[in-house]
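Undergrad: Okay, structure incoming, though there's no sequence with it:
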């Protein structure tokens, strides 16, 4: 891990750390590593695999520094696919481990390719869970009361489905909140659900919706909390 951190930090040092997006993604990465370690520990992985899970998390967003520095955005549609670019950067840095490369490439994709081996899928899923956990556990600021209520997003949650991105709601904070809540339906591991329950991040997000006069609010709360408990009890 020490050598991997050296490679990562040397690459990070080539960017302007005064840029908000650059240091934000560094902090995000360090938190994702912590979550990946918690998941790996919960899965009782051996020392070698525990370190591999940590390395996948460490490198997963390495292309974000270049993305922000070159394009001043984290939107792949306006720059490049940061998973694909991350794999390319890692190869240039001399990283040859196929699991690390594949995990970086697919961490931001809709799903892990079916042709991946069970072992490859395991580490991809750990990285994807850890990444979502950090997005869920960081603070979400107050909602805008003027936001339109996105019915399709609410329907997705009630159907226990991930909320699909929709450009029509690009500036709608409620939509983004609902989309983040929907991450729980793509989490893979019991430990991930334990983490979000202990942190209280889903409840905090649900609480932000209390006063928005959403008819389905109580149903959403029940579906989400019941799902979390079900996954923890598996």
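TA: Nice, thanks for sending it over. Not measured: the values here are computed from a predicted model.
Undergrad: And the closest residue in space to residue 7 that isn't next to it in sequence, its phi and psi?
TA: Spatial nearest neighbour of residue 7, excluding adjacent residues (CB to CB, 6 or more residues apart in numbering): residue 93 at 5.7 Å. (Glycine included, C-beta is placed from N, CA and C.) Main-chain dihedrals, residue 93, degrees, to the nearest 10: phi -80, psi 0.
Undergrad: Could you tell me how far residue 93 is located from residue 10?
TA: Distance, residue 93 to residue 10, using CB to CB, to the nearest Å: 9 Å.
Undergrad: Pick out whichever of those two has more residues nearby.
TA: Shown here are residue 93 and residue 10; by other CB atoms under 10 Å, residue 93 has more neighbours (14 against 10).
Undergrad: does that one really touch residue 11, like I thought?
TA: Yes: assessed by CB atoms under 8 Å, residue 93 is found in contact with residue 11 at 6.3 Å.
Undergrad: who touches both of those two?
TA: By CB atoms under 8 Å, 6 or more residues apart in numbering, residue 93 and residue 11 have no common neighbours.
Undergrad: for the closest residue to residue 78 other than its chain neighbours, what are its contacts?
TA: Excluding its sequence neighbours, the residue lying closest to residue 78 (CB to CB, 6+ apart) is residue 71, at 6.3 Å. Residue 71 is in contact with 78, 79, 80, counting by CB under 8 Å, 6+ apart.
Undergrad: Please report how far residue 71 lies from residue 52.
TA: Relative to residue 52, residue 71 is positioned 31 Å away (CB to CB).
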